[in-house]
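J.: What shape does this take:
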Amino acid sequence: MDYQEEQAMELEALEAIWPTEFKALPDDDPAPAGWPMEPTIYVVDLSPAQEGEDPDEYDERMEMVFQHTATYPEEAPRLRLRSVKGLNDKDLAHVQGIVEGLVDENLGMAMIYTLAEAAKEWLRDKAHVEVVEEVSEEELKQRAIEEEEKRKAEERRLGTPCTPESFRAWKEKFDAIKALERAKDPDLVIKSEKEKRMTGKQYFLQTDASKIAADQGELELDENDFEFDDDDDDGMLDELEAELEAGG
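T.: Next comes the predicted model:
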């Protein structure tokens, strides 16, 4: 695609975007000093107004006058900002600097819309116009889903915070589960618990008996002294079984 084709496509797009704001410079409107008469010079009317608002309601308005150069968009277009109302030379020089600062960033791409929107954004700031973002119901739902996913990801990264209440709830359920295990297979659990505990005999064999006698007096050790019986918590077991049956 050659430069003229790119320029023609951009002009067609701008006309569709700005059906009333975009036009060719009228014959009775003088071109900026030093500009050639060809190709066509165009004007974009800019105001702080949002869609559906009347631009005349605002005290600040400007025009962006532009002309494509021979190798645009590989080179900068000719640009000039003019006050329609409410703006002085200092204002225009400031906005001109903002717009020209964006040109280098956009070389190689159609940039008139980007430059005009930057000038329009400056007008909105000056007029203290808050831009209201139009968000569809579908977009709101998608945002809610994304926020929930972020929250869950953060929870997985940090872990669920432990509070006294959550710990007590966990401890009660843990104890109840252990009680249920003992009720279902008491012999296996008792055996397992005995293997974990050191009997009196084991303690005696692994400890210096003479030291114990010297430190604590005569001591008779028996296996039963070091074994304990676990009492099942019938109430907790019943509650857990009911919870499990209910799908808790």
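
J.: Excluding its own residues, what touches whichever helix or strand residue 5 is part of? List them.
T.: When secondary structure is defined using DSSP states H and E, the element that contains residue 5 is helix 3-17. For helix 3-17, the external contacting residues (C-beta atoms under 8 Å, 6 or more residues apart in numbering) are 22, 39, 42, 44, 68, 70-74, 110, 112-113. C-beta coordinates here come from the backbone N, C-alpha and C atoms, glycine included.

J.: run the last query once more with 7 Å
T.: When contacts are taken as C-beta atoms under 7 Å, 6 or more residues apart in numbering, the neighbours of helix 3-17 outside the stretch itself are 22, 68, 70, 71, 72, 73, 110, 112, 113.

J.: Over to stretch 84-101?
T.: 59, 60, 61, 62, 63, 79, 81, 83, 115, 118, 119, 122.

J.: Can you say which of those are buried?
T.: 60, 61, 62, 63, 79, 81, 115, 118, 119, 122 (16 or more other C-beta atoms under 10 Å).

J.: Helix, strand or coil: sort out the fifth one for me.
T.: Secondary structure of residue 79, reduced to three states by DSSP: H, G, I helix; E, B strand; the rest coil: strand.

J.: ditto for residue 45
T.: Three-state call for residue 45 (three-state DSSP): strand.

J.: go on, residue 27?
T.: coil.

J.: do the one 5 residues further on as well
T.: Classification of residue 32 using three-state DSSP returns coil.

J.: so who does it touch?
T.: If a contact means C-beta under 7 Å, 6+ apart, then residue 32 has 65, 80 as its contacts.

J.: re earlier: filter the contacts of helix 3-17 down to just the ones in helices.
T.: Among the contacts of helix 3-17, the members falling in helices (DSSP state H) are 112, 113.

J.: Please dump the contacts of helix 3-17 into JSON lines; it should also carry pLDDT, distance to residue 33 and neighbour count for every row.
T.: Putting the contacts of helix 3-17 into JSON lines (pLDDT from 0 to 100; distance: C-beta to C-beta, whole Å; neighbours: other C-beta atoms under 10 Å) gives the following:
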{"residue": "22", "pLDDT": "96", "distance to residue 33": "23", "neighbour count": "20"}
{"residue": "68", "pLDDT": "97", "distance to residue 33": "18", "neighbour count": "23"}
{"residue": "70", "pLDDT": "94", "distance to residue 33": "20", "neighbour count": "10"}
{"residue": "71", "pLDDT": "95", "distance to residue 33": "23", "neighbour count": "10"}
{"residue": "72", "pLDDT": "97", "distance to residue 33": "20", "neighbour count": "22"}
{"residue": "73", "pLDDT": "95", "distance to residue 33": "24", "neighbour count": "20"}
{"residue": "110", "pLDDT": "95", "distance to residue 33": "26", "neighbour count": "18"}
{"residue": "112", "pLDDT": "97", "distance to residue 33": "21", "neighbour count": "24"}
{"residue": "113", "pLDDT": "96", "distance to residue 33": "26", "neighbour count": "15"}
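
J.: With distance to residue 98 added, can I get the contacts of helix 3-17 in JSON lines?
T.: Supplementary listing: these in JSON lines, determined by distance: C-beta to C-beta, whole Å:
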{"residue": "22", "distance to residue 98": "20"}
{"residue": "68", "distance to residue 98": "21"}
{"residue": "70", "distance to residue 98": "25"}
{"residue": "71", "distance to residue 98": "24"}
{"residue": "72", "distance to residue 98": "20"}
{"residue": "73", "distance to residue 98": "19"}
{"residue": "110", "distance to residue 98": "19"}
{"residue": "112", "distance to residue 98": "15"}
{"residue": "113", "distance to residue 98": "15"}
